[in-house]
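**Student:** Please work out how this folds:
(one chain, ligands or ions: 1)
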Amino acid sequence: MMSAIIVVKDFSKWYGDYQAVEKVSFEVEEGSSFAFLGPNGAGKSTTINTLCTMIDKTSGTLLIDGKDVSTQKNAVRKAIGIVFQEPTLDQKMTVQENLYSHCIFYGVPRDEINGRTDELLRLMDLIEWRGQFVSTLSGGMKRRVEIARALIHYPKVLFLDEPTTGLDPQTRNRIWEYIMKLQKEKDITIFLTTHYIEEAEVCDRVAIMDNGKIVVNDTPQALKGKYTKTRSRLRVKDNRKAEIILLQQEVAYAKKNGDFHIEVRDMANFIELIQLLKEDILDVEIMKGTLNDVFLEITGKQIREGGDAR
Ligand SMILES: Nc1ncnc2c1ncn2[C@@H]1O[C@H](COP(=O)(O)OP(=O)(O)OP(=O)(O)O)[C@@H](O)[C@H]1O
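**Tutor:** Okay, here's the model as predicted:
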């Protein structure tokens, strides 16, 4: 049976007389990956910072692993690992020393420190670099050290706040592979914010926040089904003949650069249309809606709009 490891109910946050989060409710299933998206200023950081016990709620209930983030801060902190956008490693220490100091901070039993360090450095492909000073590592490796460090006290939930921002696409892909491996192997719950839609695409659920409220919360597939259209571009030999068939079939179309653009509402009808046109067809393209389209439809903004500092 799946159960909710994060429970947020009627959460509101005011900064003075400005309401940043308005009665937000959602749950995250244990062992799942949850992408938390929204335009700048939507209230994402406020929600994450409250869940991570760094700021206090104004009202509502926020629980992690059954513990209240306001009244059981220490228990919540033990249950979570955090990787923020801003690097927080000690550059003047080695990889291993960074993990060690985290173990001490979290009270990991001394006889378990070496075993856990080895396990996580192996998982993140960092074992040969254990004695290296962090300052000498590449951006992608530093990020992997941060992830390993965030997991050393065996948290149940890992918060990743834009974990790949600032990294090149190849490194981003690798980090993402590690995150997915982690989720599988350690059955950890991943709570992710990102400006890269392809990272949200592979999560179990996607919630989109806008103006302090959660507007949608569903699987990527369901969101695409509900908020996007499938379109097709057709190129035919005889435009006149095609136009007659499209009219007979009552299919609305637009013509652009000699191509017909239509919306595919029903696949069976579309295939029927293609069969009617088949002698004349030169090219067919089917364009599925993307999560980007969902984001744009819901928020009116591009996900990367101003979100990427570089
Ligand atoms: N300490 C604060 N005092 C006053 N207003 C704040 C404070 N922190 C955030 N806000 C405001 O609350 C709103 C939500 O901010 P928040 O940082 O949670 O948004 P966000 O979705 O994380 O945006 P971003 O993607 O830019 O980080 C914004 O309008 C912001 O200006």
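**Student:** Skipping adjacent residues, who's closest to the residue in the stretch 151-300 of the chain positioned nearest to the ligand in space?
**Tutor:** Residue of the stretch 151-300 of the chain nearest the ligand, by Cβ to the nearest ligand atom: Met209 (6.5 Å). In this view, the C-beta of every residue, glycine as well, is placed from N, C-alpha and C. Computed as Cβ to Cβ, 6 or more residues apart in numbering, the closest residue to Met209 that is not its neighbour in sequence is Gly38, at 3.7 Å.
**Student:** Does the one you found touch Ile298 like I think?
**Tutor:** No. Contact criterion Cβ atoms under 8 Å: Gly38 and Ile298 do not qualify, at 9.5 Å.
**Student:** contacts for stretch 240-255?
**Tutor:** With contact meaning Cβ atoms under 8 Å, 6 or more residues apart in numbering, stretch 240-255 is reached by 234, 236, 239, 260-263, 269, 272-273, 276-277, 280.
**Student:** how close does the residue nearest to Met209 get to Asp204?
**Tutor:** Going from Gly38 to Asp204 by Cβ to Cβ, to the nearest Å gives 18 Å.
**Student:** Comparing these two, which shows the higher neighbour count?
**Tutor:** Legend: neighbour count by other Cβ atoms under 10 Å for Gly38 and Asp204, higher for Gly38 (26 against 16).
**Student:** who's in contact with that one?
**Tutor:** Listed by Cβ under 8 Å, 6+ apart, the contact set of Gly38 reads Lys44, Ile208, Met209, Asp210, Thr299.
**Student:** Tell me, how many residues neighbour Leu120?
**Tutor:** Using other Cβ under 10 Å, Leu120 has 23 neighbouring residues.
**Student:** Can you classify it by secondary structure?
**Tutor:** Three-state assignment for Leu120 (DSSP: H, G, I helix; E, B strand; the rest coil): helix.
**Student:** Skipping its backbone neighbours, what lies nearest it in space?
**Tutor:** Setting aside the residues directly before and after it, Leu120 is nearest to Ala148 in space (Cβ to Cβ, 6+ apart), at 4.1 Å.
**Student:** How many neighbouring residues does the one you found have?
**Tutor:** The burial count for Ala148: 27, using other Cβ under 10 Å.
**Student:** Enumerate the residues of the stretch 1-150 of the chain near the ligand.
**Tutor:** Tyr15, Tyr18, Ala20, Gly38, Asn40, Gly41, Ala42, Gly43, Lys44, Ser45, Thr46 (Cβ under 6 Å from any ligand atom).
**Student:** Which of those fall in strands?
**Tutor:** For these, the ones inside strands are Tyr15, Tyr18, Ala20, with DSSP state E as the criterion.
**Student:** Please save the CA atoms from the lowest-mean-pLDDT helix or strand in the chain in CSV.
**Tutor:** Sorting the helices and strands of the chain by mean pLDDT, DSSP states H and E puts helix 169-186 at the bottom, at a mean of 83. Extracted C-alpha coordinates of helix 169-186, given in CSV (Å, rounded to 0.1, in the frame of the first residue of the first chain):
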residue,chain,number,x,y,z
PRO,A,169,23.4,19.4,-20.8
GLN,A,170,25.6,16.3,-20.7
THR,A,171,26.4,16.8,-17.0
ARG,A,172,22.8,17.5,-16.4
ASN,A,173,21.8,14.1,-18.0
ARG,A,174,24.4,12.3,-15.9
ILE,A,175,23.3,13.9,-12.6
TRP,A,176,19.8,13.0,-13.6
GLU,A,177,20.7,9.3,-14.2
TYR,A,178,22.2,9.2,-10.7
ILE,A,179,19.1,10.7,-9.2
MET,A,180,16.9,8.1,-10.9
LYS,A,181,19.2,5.3,-9.9
LEU,A,182,19.0,6.5,-6.3
GLN,A,183,15.3,6.6,-6.3
LYS,A,184,15.2,3.0,-7.5
GLU,A,185,17.9,1.6,-5.3
LYS,A,186,17.2,3.4,-2.1
